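Colleague: Generate a structure from the sequence data that follows.
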Amino acid sequence: MTASPAASIHIYSSDNSHAVNFQLEQIFDLDDSVRLRQLMFVKLHKSKDLLLCVANASTSQSLRIYQQQGVAGFQQILGESTLPEAQFISALELPTTQHQFLALGNADAILLVEPQFTKL
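Modeller: A predicted model of the protein is given here:
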């Protein structure tokens, strides 16, 4: 009997324009769960931040967001536990106002989350 590998997200990078040689940069471990997970990258236009958003990352967090922070890589900035489990996640943009949202949906509701960053 063999053990199945633990659920995780692997982040790779490449230095060349042909993207031939990839180097493993980071690994994010996730809970072993049968819940449907979705992940997506979102580039915020106003702040120029690159986010990695993971729906249902764990049984206690329905939304986890990582922010790309230069040489430090992706760092977790949000682990939300009050939102319900999401069956889908999507990025939405209102072009007239330049607002960007994350839409998390399930059979009961669609929730809109707006990332906001303030420079201190």
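
Colleague: When you work out contacts or count neighbours from here on, use the C-alpha atoms and nothing else.
Modeller: Will do.

Colleague: Can you classify the most centrally placed residue in the chain as helix, strand or coil?
Modeller: Most central in the chain under Cα atoms, centre = their mean is C53, positioned 1.4 Å from the mean C-alpha point. Counting by DSSP: H, G, I helix; E, B strand; the rest coil, the backbone at C53 sits in strand.

Colleague: can you start the count at 25 instead of 1 from here on
Modeller: Sure, I'll start numbering at 25, so the last one becomes C77.

Colleague: Tell me what the residue lying closest to it once chain neighbours are set aside is bridged to.
Modeller: Excluding the flanking residues, the one nearest C77 by Cα to Cα, 6 or more residues apart in numbering is I89, at 4.6 Å. As for beta bridges, I89 partners with C77, L102 under DSSP bridges.

Colleague: Would you check that I89 makes contact with L102?
Modeller: Yes - counting by Cα atoms under 8 Å, I89 touches L102, with 5.0 Å between them.

Colleague: In terms of neighbours, single out the busier of the two.
Modeller: Neighbours per residue, other Cα atoms under 10 Å: of I89 and L102, the larger number sits with I89, 21 against 13.

Colleague: Roughly how far does the residue nearest to C77 sit from N40?
Modeller: Distance, I89 to N40, by Cα to Cα, to the nearest Å: 28 Å.
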